[in-house]
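1. Coordinates for the following, if possible.
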Amino acid sequence: MCNSFNKKFLDEAAKALNESGDEPFHSDENFMNLAIEAAIKGVLANDGGPFGCVIIKDGEIIGTGNNKVTSNNDPTAHAEIMAIRQACKNLNSFQLDDCILYTSCEPCPMCFGAIYWARPKKVFYACNKTDAAEIGFDDEFIYKELDLELSKRSIPFEQINRENAVKAFKAWKEKDDKIEY
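-> A predicted model of the protein is given here:
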């Protein structure tokens, strides 16, 4: 059982160990290992694919995530997206200024876009897209689709009601108190 005295002792011991010159807890490798652990835990819990992510600001974890596509029935529930959502909520911000993202695998195209919108200062990844493709997570077809003309994509894209839709753009453009991003 861990009472407040024991917790304080353990916290002080961990701090002393960190300051002793041994491998620091706040190293890139350790943060990456936390992302990898999140991936493994997610696999073992049948949450989804083998991907994990941790987001750090000022040496503190502000967001974690693992892939939950199948358990949430949500194709956007990738590890990076889950961690970005949690980190932004914790920061009460839609951007990750001065944050570092550690992800167990090179991000897919969707996560790549989300990372750029969130604007962290750096991203570390462990496995690469070739490693992911070797176990059935191949995003190459998405990269190829992006380069195709709209009419040649495997999912048809058809533009309709543009005249009506640009009203929202006009309202945004004219709005004086908008929060730009």
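2. hey, where'd the strands end up in the chain?
-> 52-57, 60-66, 99-105, 122-127 (DSSP state E).
3. Just the buried residues of the second one, please?
-> For strand 60-66, the buried set under the neighbour-count rule, 16 or more other C-beta atoms under 10 Å, comprises Ile61, Ile62, Gly63, Thr64, Gly65, Asn66. C-beta here means a position set from N, CA and C on the backbone, and glycine is covered the same way.
4. Just give the closest residue to Lys178, not the sequence neighbours.
-> Leaving aside its chain neighbours, Lys178 sits nearest to Trp172 (6.3 Å; criterion: C-beta to C-beta, 6 or more residues apart in numbering).
5. Find the residue ranges of this protein scoring beneath the pLDDT cut-off.
-> 1-25 (pLDDT under 70).
6. residue nearest the centroid of it?
-> Computing the C-alpha centroid of the chain and ranking residues by C-alpha atoms, centre = their mean puts Glu80 first, at 1.7 Å.
7. ok now do the closest residue in space to it that isn't next to it in sequence, which residues does it touch?
-> Leaving aside its sequence neighbours, Glu80 sits nearest to Cys111 (C-beta to C-beta, 6+ apart; 4.0 Å). For Cys111, the contact set (C-beta atoms under 8 Å, 6 or more residues apart in numbering) comprises His78, Ala79, Glu80, Ile81, Thr103.
8. Could you identify the most distant pair in those?
-> Distances among the contacts of Cys111 were taken as C-beta to C-beta; the most separated pair is Ile81 and Thr103, at 10.7 Å.
9. How many residues are close by the nearest residue to Gly59 once chain neighbours are set aside?
-> In this structure, Gly59 finds its nearest non-sequential neighbour in His26, 4.7 Å apart by C-beta to C-beta, 6+ apart. When neighbours are defined as other C-beta atoms under 10 Å, His26 has 11 of them.
10. list the contacts for the residue nearest to Thr76 when sequence neighbours are not counted?
-> Once flanking residues are discounted, Thr76 sits nearest to Met110: 6.8 Å by C-beta to C-beta, 6+ apart. Taking C-beta under 8 Å, 6+ apart as the contact definition, Met110 lies against Thr76, His78, Ile81.
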